[in-house]
Every structure is written in C-alpha cells, then in structure tokens.
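1. need a structure here:
(one chain, ligands or ions: 1)
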Amino acid sequence: MRENESMAAGELDPRGVVTACPSCGQKNRLAYEQLGSTVRCARCKQNLAAPAAPVEVRQASDFDRLVAASALPVVVDYWAPWCGPCRMVAPELEKVAARQAGRLLVVKVNTDALTDLGQRFGIRSIPTLAVFAGGREVGRTAGARPAAEIEAFVFQAVGAPQR
Ligand SMILES: [Zn+2]
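-> Okay, the predicted model is just below:
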C-alpha cells in the first residue's frame, strides 16, 4: 500500500522521475532533461501524465542530478515531520503540483533525513521554499503561505508569466 501511494506521486532515481503508468501499471522513467515533454508508456504507448504531486527526495545525489538537469523549474519544500507550519504548507504544495503539472516539479526535502542537504544550502528555518531553474537556485522564501502566493513567488523567481 505504501509502495503504491509513493509510486502514484513518483520517485526520483539518478536519471529521472519514475512513475507508474495509470493505464497499465508499467514503471516508466521521465528523464530529468525531458520533464515537461510528452512521454509515452514503454509498454502500452499511452501518454504519461506529468508528475502532479510533490515527490519526496530520498537521496542527496538524486536531488543534485535533478536540479542540475531538470528541464522544468524545481520547487523545493524543505520540511521536517515535527514542524507544524510545514504541515500547513503541505496541502498548498499539493495544489501547486497538481495545478502546475508539466510546468513545474515540486519536491520535498526532509531536513531531518537529509541533514547534509539542509546544511549545504544553509536552511535555517522550515518550512523554506526554494526554486531551482537552469541548474541554480533562483529564489528562496521562508514560511507557510497559500498555493496562489507560492505560484506567484515561483513564477516571479523564474521570470515566467503566471498561467
Ligand atoms: Zn502503460
């Protein structure tokens, strides 16, 4: 059950986001360099939907490859299980991921589990939201906020008109 739930949102591996095909269940990798492009299932040839839910980062090395290679802006939610405001922002990020599927990728970094990432990026308070585009961080803000404000912040950071 947990496996299925996590697969619905996708998982990062060193080369892309691995998602299960909604039609046949086949696991497919959406390469980081091709995020936002139309990709077909390797087995049934149906078009695969872009990731429409936040994806939990499990390894710092996956995170590094993602932000270096992603064709889409990456929104990073630095959070921890004990953080009340993080629980408030989590459903807002789910809305952003769903509404902006194919235009953004939302990932979550548990700073208790991935302490090296939190330290490397100097995360001092959570929740912190950061935006990576073109291989570098282009925006950062601390604190919980509603989905519409998150979207405005992200599109301002990447210099794109809000849609
Ligand atoms: Zn399929």
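
2. Setting the sequence-adjacent residues aside, check what's closest to the residue located most distally from the centre of the chain.
-> Each residue of the chain has a distance to the centre, and by CA atoms, centre = their mean the biggest one is for C44: 25.9 Å. Counting by CB to CB, 6 or more residues apart in numbering, the nearest residue to C44 once its immediate chain neighbours are dropped is C24, at 4.2 Å. Where C-beta positions appear, they are placed from N, C-alpha and C, glycine not excepted.

3. what are the ranges of the helices in the protein?
-> 2-9, 60-69, 84-99, 115-120, 147-158 (DSSP state H).

4. Let's have the ones you listed in a markdown table, adding mean neighbour count, mean pLDDT and distance to the ion.
-> Formatted as a markdown table, the helices of the chain follow (neighbours: other CB atoms under 10 Å; pLDDT from 0 to 100; distance: least, CB to the ion, whole Å):
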| stretch | mean neighbour count | mean pLDDT | distance to the ion |
| --- | --- | --- | --- |
| helix 2-9 | 12 | 46 | 13 |
| helix 60-69 | 17 | 97 | 24 |
| helix 84-99 | 17 | 96 | 21 |
| helix 115-120 | 14 | 96 | 33 |
| helix 147-158 | 18 | 97 | 30 |
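
5. Understood, closing this out.
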